[in-house]
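*Asks:* need a structure here:
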Amino acid sequence: MQKYAKMAEGSTATDIHFGAATYCPQGLSAKKLSEVNSDYRLVVFAADWCPHCTEEVPKIAAYYPMLKEKNVEVILVSLDENASDFAKFAAPFPFISTTDYKKWGGQAATDYQVYATLSYFLLNKDLKIVNRLNSMQHLKVVLDNSIK
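*Replies:* This is a model prediction of the structure:
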């Protein structure tokens, strides 16, 4: 149970270090999650090989301007295993995207106990877990009711 409590709401999430395979759109730069300048961070685990991800992550991108208004920055952690799949998937998005090409065995996926895609974590500026979300709709409800 302690293993799962580590990623419960109110717990502090592990910092994610952005390696060489990281896209930082113009105006954004950070070497790790804790350096992202925002009140909240939406960490999204997804992959090009996941049909649900390829449908939902573009919706996050479309919603991104509204997220920015609420001072929420999105960080996509891709579970892709090669550079071409990662580039095809992540390059079009307006937010930070990173991968270590290790799929489920990557450090971030292991630290965050990610066993399914899509997985969403809403963190505050101190990396405390505000909410483990299950969909974009869930995110919208949380933002509308909790973050003004």
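
*Asks:* rest of the way, CA atoms for contacts and neighbours
*Replies:* Will do.

*Asks:* now do the SS call for the most centrally placed residue in the chain.
*Replies:* The residue lying closest to the centre of the chain (CA atoms, centre = their mean) is V43, at 2.0 Å. Of the three states, V43 takes strand under DSSP: H, G, I helix; E, B strand; the rest coil.

*Asks:* quickly list what it is bridged to.
*Replies:* Counting by DSSP bridges, V43 is bridged to I75, F121.

*Asks:* who are the contact partners of it?
*Replies:* Going by CA atoms under 8 Å, 6 or more residues apart in numbering, V43 touches 74-77, 120-123.

*Asks:* can I get these in JSON lines with distance to G27, pLDDT and neighbour count?
*Replies:* Shown next, in JSON lines, are the contacts of V43 (distance: CA to CA, whole Å; pLDDT from 0 to 100; neighbours: other CA atoms under 10 Å):
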{"residue": "V74", "distance to G27": "14", "pLDDT": "96", "neighbour count": "24"}
{"residue": "I75", "distance to G27": "14", "pLDDT": "97", "neighbour count": "23"}
{"residue": "L76", "distance to G27": "16", "pLDDT": "97", "neighbour count": "23"}
{"residue": "V77", "distance to G27": "19", "pLDDT": "98", "neighbour count": "25"}
{"residue": "Y120", "distance to G27": "24", "pLDDT": "93", "neighbour count": "21"}
{"residue": "F121", "distance to G27": "23", "pLDDT": "95", "neighbour count": "24"}
{"residue": "L122", "distance to G27": "22", "pLDDT": "95", "neighbour count": "23"}
{"residue": "L123", "distance to G27": "21", "pLDDT": "96", "neighbour count": "24"}
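
*Asks:* show the pLDDT at S11.
*Replies:* S11 carries a pLDDT value of 88.
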